[in-house]
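# Predicted model and sequence follow; I will ask about them next.
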Amino acid sequence: RTHVAGSMGPDSGERKGLKTSGRLAGSGLAGLSELLIFHPVDTVAKRLMTHHGGIRGMSQLNEVIFREAASQSLSTKAGSLFPGLGFAAAYKLLQRCWKFGGQPIVRDALAASQGERFERAVGRKRARALLSATAGSIMGVSEVVLLPLDVLKIRAQTNPEALRGKGIVQLFWNEGSSLYRGAGWTVLRNAPGSFALFGGSTAVKEWVFRLEDETEASFLQTSLASVAGATASITVAAPMDVVKTRIQARSADDPKSGLRIFGELIATEGPGALFKGLVPKLLTVGPKLVFSFTVAQYLIAITDRLAGARGCVLCIVYCNPPPT
């Protein structure tokens with residue numbers, strides 16, 4: 001009884017299950033850590049992006065960021081930056097598990113079915129980065145299914161009066177499909193953003209650090225690759241993110257379309273308004289997206305190595321059973 005490497009021996013299901021579980025667990029842990037540490041920074045960025053007009057002076061900046069708590073104590077101001085934490089927790093954990101945990105699964109599936117085509121199209125050296133970027137873009141687009149939680153999180157951060165006195169069931173029942181407003185703009189943001197995030201990270205690991213296997217990257221190498229990918233991702237997605245945020249932050253009875261909001265923004269605030277909130281977002285690249293992306297990628301790599309080692313041991317035992 002013999003089995004070639006990679007065939008569906010008895011270790012395959014267990015090995016795949018270990019990989020999948022590890023990828024989801026690592027992504028979930030990364031999302032939880034990111035949420036607890038960086039939710040206030042996200043609130044500041046969203047409030048700046050949804051503020052119409054310029055900001056003149058520190059006094060007005062204080063009012064835009066802290067709103068009703070602008071004249072309160074420091075502790076009250078700090079607490080005001082944690083609105084919508086329940087929606088944020090549900091969204092962040094599902095989002096990170098979905099995208100960070102799902103991307104390696106989609107990447108492996110693409111490599112198995114389309115790997116040769118990618119290599120013929122762009123060469124072996126570039127194929128892995130392109131596969132990683134494509135898988136990331138697919139997961140970014142499919143992430144639109146989580147949009148209602150993102151809408152409610154942003155609304156709680158920027159327009160809490162619209163949610164006051166309403167339960168989660170009532171919100172979903174009353175608003176229905178309106179919670180998917182901005183879905184098109186979300187796709188337009190996520191497709192290039194996720195492409196740049198995963199593709200940029202893989203490119204740095206392979207082309208700068210010359211790693212043949214991404215799972216062999218050190219924590220420092222993973223961190224630096226994440227900085228490059230996250231910076232590219234946030235920058236290319238910024239204009240769509242501003243429009244998407246304004247669509248989601250408006251009240252449910254506001255009839256403005258995304259194109260109208262985009263047109264009014266350009267006409268009244270200028271093209272530069274498309275990058276509102278970019279500086280706070282880029283300032284979170286190190287401690288936020290890079291943090292969660294690095295933690296997820298590093299834990300996923302460890303799990304993949306362990307799954308590989310376990311698979312090798314099981315394969316040896318299975319292929320060479322002891323004499324009976």
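All right, it came through fine. Residues are numbered from 1 along each chain as shown.
# just the strands in the stretch 101-250 of the chain please.
Taking DSSP state E, counting those that start in this stretch, the stretch 101-250 of the chain contains no strands at all.
# What are the buried residues along the longest helix along the chain?
Counting residues, the longest helix found in the chain (DSSP state H) is helix 10-49. Applying a neighbour-count criterion of 16 or more other Cβ atoms under 10 Å, one finds 11, 15, 18-20, 22-35, 38-49 buried in helix 10-49. Every residue, glycine included, has its C-beta placed from N, CA and C.
# Then stretch 176-185?
Neighbour counts over stretch 176-185 (16+ other Cβ under 10 Å) mark 179-185 as buried.
# mind checking how far the nearest residue to Ile154 once chain neighbours are set aside is from Asp241?
Using Cβ to Cβ, 6 or more residues apart in numbering and skipping the chain neighbours, the partner closest in space to Ile154 is Gln248 (4.7 Å). According to Cβ to Cβ, to the nearest Å, Gln248 stands 10 Å off from Asp241.
# ditto for Ile105
Taking Cβ to Cβ as the measure, Ile105 falls 26 Å from Asp241.
# Looking at those two, which one has more neighbours?
A direct count of neighbours by other Cβ atoms under 10 Å for Ile105 and Asp241 places Asp241 higher, at 26 against 16.
# now the more buried one, nearest residue through space, not along the chain?
Computed as Cβ to Cβ, 6+ apart, the closest residue to Asp241 that is not its neighbour in sequence is Arg189, at 5.2 Å.
# quick one: low-confidence ranges for this structure?
Residue ranges of the chain with pLDDT under 70: 1-15, 84, 252, 284-286, 308-324.
# let's go with 50 and repeat that
The model of the chain has pLDDT under 50 over residues 1-11, 314-315, 317-318.
# how about the helices in this structure?
Counting by DSSP H, the helices of the chain are 10-49, 57-66, 74-79, 85-96, 102-122, 124-142, 147-158, 168-175, 183-203, 219-249, 258-269, 278-283, 290-319.
# Make JSON lines from these and add distance to Glu212 to it.
Formatted as JSON lines, the helices of the chain follow (distance: least, Cβ to Cβ, whole Å):
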{"stretch": "helix 10-49", "distance to Glu212": "19"}
{"stretch": "helix 57-66", "distance to Glu212": "47"}
{"stretch": "helix 74-79", "distance to Glu212": "47"}
{"stretch": "helix 85-96", "distance to Glu212": "27"}
{"stretch": "helix 102-122", "distance to Glu212": "15"}
{"stretch": "helix 124-142", "distance to Glu212": "10"}
{"stretch": "helix 147-158", "distance to Glu212": "37"}
{"stretch": "helix 168-175", "distance to Glu212": "48"}
{"stretch": "helix 183-203", "distance to Glu212": "12"}
{"stretch": "helix 219-249", "distance to Glu212": "13"}
{"stretch": "helix 258-269", "distance to Glu212": "44"}
{"stretch": "helix 278-283", "distance to Glu212": "32"}
{"stretch": "helix 290-319", "distance to Glu212": "13"}
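# For Asp213, which of the ones you listed is the nearest?
Closest to Asp213 of the helices of the chain is helix 290-319 (Cβ to Cβ; 9.0 Å).
# rewinding a little: closest to Thr231 out of the buried residues of stretch 176-185?
Trp185 (21.6 Å).
# residues in contact with that closest one?
Neighbour list for Trp185: 240, 243-244, 247, 258 [criterion: Cβ atoms under 8 Å, 6 or more residues apart in numbering].
# Lys244 reaches Val187, doesn't it?
No: assessed by Cβ atoms under 8 Å, Lys244 is found out of contact with Val187, at 9.6 Å.
# Between these two, tell me which one has more neighbours.
Using other Cβ under 10 Å as the criterion, Lys244 and Val187 rank with Lys244 on top: 28 against 17.
# gap between the nearest residue to that one once chain neighbours are set aside and Pro239?
Leaving aside its sequence neighbours, Lys244 sits nearest to Trp185 (Cβ to Cβ, 6+ apart; 4.2 Å). Separation of Trp185 from Pro239 (Cβ to Cβ): 10 Å.
# any idea how far Arg260 is from the residue lying closest to Gly277 once chain neighbours are set aside?
The shortest distance from Gly277 to any non-neighbouring residue, by Cβ to Cβ, 6+ apart, is to Met49 (3.9 Å). Using Cβ to Cβ, Met49 is found at 17 Å from Arg260.
# quick one: terminal-to-terminal distance for stretch 245-263?
By Cα to Cα, to the nearest Å, the extent of stretch 245-263 from end to end equals 15 Å.
# buried residues in stretch 161-176?
Quick answer for stretch 161-176 (16+ other Cβ under 10 Å): 162-163, 171, 175.
# Report the backbone C-alpha coordinates of that stretch in CSV.
Extracted C-alpha coordinates of stretch 161-176, given in CSV (Å, rounded to 0.1, in the frame of the first residue of the first chain):
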residue,chain,number,x,y,z
GLU,A,161,-29.1,59.7,17.8
ALA,A,162,-30.3,57.5,14.9
LEU,A,163,-29.8,54.4,17.0
ARG,A,164,-31.0,55.7,20.4
GLY,A,165,-33.7,53.5,22.0
LYS,A,166,-33.6,50.9,19.3
GLY,A,167,-32.7,47.2,19.7
ILE,A,168,-30.7,45.2,17.2
VAL,A,169,-33.7,43.2,16.1
GLN,A,170,-35.8,46.4,15.6
LEU,A,171,-32.9,48.0,13.6
PHE,A,172,-32.7,45.0,11.2
TRP,A,173,-36.4,44.7,10.9
ASN,A,174,-37.1,48.4,10.3
GLU,A,175,-34.2,49.2,8.0
GLY,A,176,-33.8,45.9,6.1
